[in-house]
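I need the structure of the sequence given here:
(one chain, ligands or ions: 2)
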Amino acid sequence: VSESFVVKSHTGPYQVHFEQGALARLNALVADTIHVIIDARIADLYAQALSELRAASVTTVEADERAKTLEQMPLYVGNLLEKGFRRHHRLVAIGGGIIQDITCFLAATMMRGVDWVFFPTTLLAQADSCIGSKSSINVGSFKNVLGTFTPPRAVYIDVSLLTTLDERDARSGVGEILKVHAIEGPDAFQDVASAYERLFQDETVLARYIQRALQIKKRFIEDDEFDRGSRQVFNYGHTFGHAIEAATEFSIPHGIAVTMGMDLANFIAWRLGHSDRKTFDRMHPTLRRNYRGYEGLTVPLDRFFTALQHDKKNIGQGEITAILPDMSGCPVRIRRPADEPFYAACTSYFEGCRLA
Ligand SMILES: NC(=O)c1ccc[n+]([C@@H]2O[C@H](COP(=O)([O-])OP(=O)(O)OC[C@H]3O[C@@H](n4cnc5c(N)ncnc54)[C@H](O)[C@@H]3O)[C@@H](O)[C@H]2O)c1
Ligand SMILES: [Zn+2]
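Ligands and ions are numbered 1, 2, ... in the order given. I've put the predicted structure just below:
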């Protein structure tokens with residue numbers, strides 16, 4: 001199966017291709033002008049498929065959060081320059097969100113901007129982050145504080161690479177797929193929820209929902225690439241998800257924290273009268289299923305609220321800005337007082353709701 005679609009961006013359109021055996025495409029690239037940045041695990045697991053790979057340089061990176069810190073960048077830059085990197089050369093990223101963020105950031109800043117191409121290998125990257133232009137780099141322990149909007153020149157998606165993914169990374173990606181479908185509306189969410197089990201069992205079904213998620217996201221990023229308006233609903237589950245991640249020292253994979261963040265958003269929206277109980281009840285079983293194994297996770301409330309306040313986007317002058325479902329069950333941007341009822345609703349969620 002080979003399909004593709006175009007995403008319009010501020011640097012021009014780029015193609016997203018779906019193809020089996022996408023890594024073989026690397027062989028066709030002009031070897032002496034490409035520099036590959038690859039996830040160490042992929043380099044290992046797919047050594048055979050990559051054995052023909054010829055490139056001016058190959059940088060193998062262990063995908064952990066430390067790898068995408070500002071402090072690590074001189075290492076990558078030095079390596080590229082030693083291998084003769086020039087402005088007309090291209091970077092090729094092969095991996096998940098961490099490899100994407102490193103490569104995208106380097107592409108944005110090296111020689112004031114060079115082209116890059118992306119082969120996403122995690123479900124999160126294939127179904128969500130591979131389009132949308134963002135790079136996010138850590139500085140020490142401050143997560144995702146530096147970033148740019150730098151779209152790739154092309155994206156090549158091979159769903160069969162996902163068969164080697166750990167179960168928790170698969171569920172992390174499914175968390176983002178659930179988010180994107182919830183943004184589309186209750187019918188789209190219901191549709192993916194009813195296919196939940198098959199996402200893990202049937203590659204064709206998974207491919208269909210990856211494509212659908214990207215099609216939905218495409219509309220928003222083409223309308224608001226720089227995240228000033230309509231795209232902000234993609235923060236659904238993230239305001240609270242990030243705070244859950246921070247409060248638990250990142251012991252929960254991002255997309256799984258997002259599912260818990262959506263559940264919490266639905267709960268407090270119901271408790272505070274922005275939405276109704278129906279929306280919470282409708283989505284809770286699927287969301288809970290996706291964060292299973294973490295439902296008993298202790299989220300220290302003081303650290304959770306500190307993390308919420310730390311993110312200036314969320315809380316300021318006694319107000320919180322968050323994406324919450326409205327009465328129709330669609331996520332919208334809501335600004336409301338960060339008052340006693342708000343804190344009580346969050347507390348009540350963590351005190352029982354996840355187990356129910
Ligand atoms: N720039 C963006 O738009 C954006 C969006 C969302 C998340 N992110 C960032 O992405 C990161 C998370 O990315 P992620 O969840 O894609 O994963 P990741 O890059 O952290 O990789 C997760 C794990 O999967 C392994 N892996 C990757 N592909 C594999 C495969 N095909 N088979 C087996 N193992 C494989 C990796 O080695 C790693 O151990 C975070 O740092 C997050 O901040 C960026
Ligand atoms: Zn996310």
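
In the stretch 51-200 of the chain, what residue comes closest to ligand 1?
Closest residue of the stretch 51-200 of the chain to ligand 1, CB to the nearest ligand atom: Gly97 (1.9 Å). (C-beta placed from N, C-alpha, C; glycine too.)

Can you tell me how far that residue is from Tyr291?
19 Å (CB to CB, to the nearest Å).

Do a quick rundown of the helices in the stretch 101-250 of the chain.
123-124, 167-184, 186-194, 196-199, 203-223, 238-247 (DSSP state H, counting those that start in this stretch).

helices or strands next to the fifth one in the packing?
Spelled out, it's helix 203-223. The elements that helix 203-223 packs onto, with contact taken as 3 or more CB pairs under 8 Å, 6 or more residues apart in numbering; DSSP states H and E, are strand 2-7, strand 14-19, helix 167-184, helix 186-194, helix 196-199.

Can you tell me which of the ones you listed is most buried?
helix 167-184 (a mean of 24; mean count of other CB atoms under 10 Å).

how about it, does it reach ligand 1?
Yes. For a cut-off given as CB under 6 Å from any ligand atom, helix 167-184 has contacts with ligand 1, namely 169, 172.

Redo the helices of the stretch 101-250 of the chain as JSON lines? Include distance to Gly78 and mean pLDDT.
Compiled in JSON lines, the helices of the stretch 101-250 of the chain are given as follows (distance: least, CB to CB, whole Å; pLDDT from 0 to 100):
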{"stretch": "helix 123-124", "distance to Gly78": "29", "mean pLDDT": "98"}
{"stretch": "helix 167-184", "distance to Gly78": "30", "mean pLDDT": "98"}
{"stretch": "helix 186-194", "distance to Gly78": "44", "mean pLDDT": "98"}
{"stretch": "helix 196-199", "distance to Gly78": "41", "mean pLDDT": "98"}
{"stretch": "helix 203-223", "distance to Gly78": "33", "mean pLDDT": "98"}
{"stretch": "helix 238-247", "distance to Gly78": "31", "mean pLDDT": "94"}
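
Ok, which of these comes nearest Asn27?
Proximity of the helices of the stretch 101-250 of the chain to Asn27 was assessed by CB to CB; the nearest stretch is helix 203-223, lying at 23.5 Å.

how far is the closest one from where the chain is centred?
Taking CA atoms, centre = their mean, to the nearest Å, the mean C-alpha location of helix 203-223 is offset from the chain mean by 13 Å.

Give me the buried stretch members for it, please.
For helix 203-223, a neighbour-count test (16 or more other CB atoms under 10 Å) marks 206-214, 216-218, 220-222 as buried.

Using CSV, list the CA coordinates for it.
Output for helix 203-223, consisting of C-alpha atoms alone and laid out as CSV, is shown next (Å, rounded to 0.1, in the frame of the first residue of the first chain):
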residue,chain,number,x,y,z
GLU,A,203,-1.9,-3.3,11.4
THR,A,204,-4.5,-2.4,8.8
VAL,A,205,-6.9,-1.0,11.4
LEU,A,206,-4.1,0.8,13.1
ALA,A,207,-2.9,2.3,9.8
ARG,A,208,-6.4,3.6,9.1
TYR,A,209,-6.6,5.4,12.5
ILE,A,210,-3.1,6.8,12.0
GLN,A,211,-4.2,8.3,8.7
ARG,A,212,-7.4,9.6,10.2
ALA,A,213,-5.6,11.3,13.1
LEU,A,214,-3.1,13.0,10.7
GLN,A,215,-6.0,14.1,8.5
ILE,A,216,-7.7,15.7,11.5
LYS,A,217,-4.5,17.3,12.7
LYS,A,218,-3.6,18.6,9.2
ARG,A,219,-6.7,20.8,9.2
PHE,A,220,-5.8,22.5,12.4
ILE,A,221,-2.1,23.0,11.7
GLU,A,222,-2.8,24.4,8.2
ASP,A,223,-5.2,26.9,9.8
